[in-house]
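**Q** Predicted model and sequence follow; I will ask about them next.
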Amino acid sequence: MASNYEDAFDRSVSDLSETGTDSLSGSDSDSETQQRQVCYYYNKGNCRNGTSCPDLHVCKYYLKGNCRYASGCRLYHGSVSNTASNNQETRSRSRRTQGYRDRSRSSSSGSDSNTDSRPYRWQLNLGKGWQDVENDYILEAQFSRPYTKGITIYNTPCGALSIDFTRMRILKKTNLRVRRRGSRKSNWLWYYRETDGWREFGKKDAQGNSSPVNSSMLESEFKKNSCGTLQFIIDSSNYEIRFKDMCQKNLSTGHKRKIRRRPKFDSPQAEGVNTVTNKLKSMLTSSKKAPLWQFSGRRGNWHNFSSQGSCSVSSEDIEQEFQRNHQGSMSFNVNGDQFILDFSQMIQTNVKTKATRNIRRVKQ
């Protein structure tokens, strides 16, 4: 898998505003599903009826066969038997205490347990099952930094992929997935947003003040209930941390701050996060961007494909299609005329006039 990355840093200094894959089988389950309704409130995370609820306490996406969280989902996955809804509350609480990520906001994505000896494993699912990411310690190093919002991976079979660390999703690619499989021995650190950056809970700020709660306390409470809250006092002011919303709120003023949960970096090569970051920057310097696609013009000049003008595709679009099939082809339009790019012959053909131009792929 790819080993070329680019990180995206959170440069915003403003706090939150004040208002601020399994499927069922068996006729019994299918029959019961038709007779009983899936509980709307349970799927929202707040059914008050608990075990006495007449509706099914089961993940509605699991029933459809498309739950994105699979075994990491905090909702029940399993046979819809008469006892399923009665037992679900206990099972759901058990899953939450084991650190499964909250459905509303994936604050860490370290929920999926890693069964081998490695402290973590980053994987991509590009439509053919989960595959390990090569040199994933680079992703881990960036993920461990609270101010890093995401990272871009280049040279994958699907082209450049931008990963959002907060939601643990691949942006603009609804059919592709990413996950981090962590170890229960992982050391998780908690941070809050200040005007000048992120600071770990329990560490002193510029004025020498520190929060009465630290990372270990927050992690302990989070594992008990990933949707719960924790209150504490600083200088006679009451504060509340809401794990579900991943924010800290001043109960007197209503002012909110973002919080983040990130792992302490554990490098397989005994390198610190700064060393890995420098390596990342070096890699980006040597291979700044994805390869550039060009077409031949008059007098032997070469021109870049760009979607900013009348062309319907950009160089990035062509690279993505090329990564899917190096011997394939793709169509695009320029001023209403249709063209075909043939990767095997590296030519561009006007469908109407049959005129051809050479194309090339330039590595940067």
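**A** Structure's in. What do you need? Numbering: from 1, shown residues only.
**Q** from here on, contacts and neighbour counts on C-alpha atoms
**A** OK.
**Q** quick one: contacts for Ser329?
**A** Phe322, Ile340, Leu341, Asp342, Phe343, Ser344 (C-alpha atoms under 8 Å, 6 or more residues apart in numbering).
**Q** same deal with Gln123?
**A** Listed by C-alpha under 8 Å, 6+ apart, the contact set of Gln123 reads Trp130, Gln131, Asp132, Val133, Val178, Arg179, Arg180, Arg181.
**Q** Can you tell me which of these are buried?
**A** Val133, Val178, Arg179, Arg180, Arg181 (16 or more other C-alpha atoms under 10 Å).
**Q** which two from those residues end up farthest apart in space?
**A** Val133 and Arg181 (11.6 Å; C-alpha to C-alpha).
**Q** quick one: what helix or strand has Pro146 in it?
**A** Counting by DSSP states H and E, no helix or strand carries Pro146.
**Q** Repeat that for the one 4 residues further on.
**A** Following DSSP H and E, the helix or strand that holds Gly150 is strand 148-156.
**Q** strands paired with the next helix or strand after that strand, and their directions?
**A** Beyond strand 148-156 in the direction of the C-terminus, DSSP H and E gives the next helix or strand as strand 159-164. Applying DSSP bridges to the sheet, strand 159-164 is found paired with strand 148-156 (antiparallel), strand 169-170 (antiparallel).
**Q** Helix, strand, or coil at Ser216?
**A** The three-state assignment at Ser216 reads helix, by DSSP: H, G, I helix; E, B strand; the rest coil.
**Q** ok, it - contacts?
**A** Here Ser216 is in contact with Trp188, Leu189 (criterion: C-alpha under 8 Å, 6+ apart).
**Q** one more time with 10 Å, if that's ok
**A** Asn187, Trp188, Leu189, Trp190, Phe201, Gly202, Phe222 (C-alpha atoms under 10 Å, 6 or more residues apart in numbering).
**Q** any idea how far Tyr191 is from it?
**A** The gap separating Ser216 from Tyr191 is 12 Å, by C-alpha to C-alpha, to the nearest Å.
**Q** Please identify every residue contacting each of the two.
**A** Shared contacts of Ser216 and Tyr191 (C-alpha under 10 Å, 6+ apart): Phe201, Gly202.
**Q** what's the weakest-modelled helix or strand in this structure?
**A** Within the chain, no helix or strand scores below helix 27-35, which has a mean of 42 by mean pLDDT, DSSP states H and E.
**Q** Give me the next element, helix or strand, following it.
**A** Counting by DSSP H and E, the element after helix 27-35 in chain order, helix or strand, is helix 40-44.
**Q** distance between that next one and the chain's centre?
**A** 23 Å (C-alpha atoms, centre = their mean, to the nearest Å).
**Q** do the same with stretch 187-200
**A** 20 Å.
**Q** List the buried residues for it?
**A** By 16+ other C-alpha under 10 Å, the buried positions in stretch 187-200 come out as Trp188, Leu189, Trp190, Tyr191, Tyr192, Arg193, Trp198, Arg199, Glu200.
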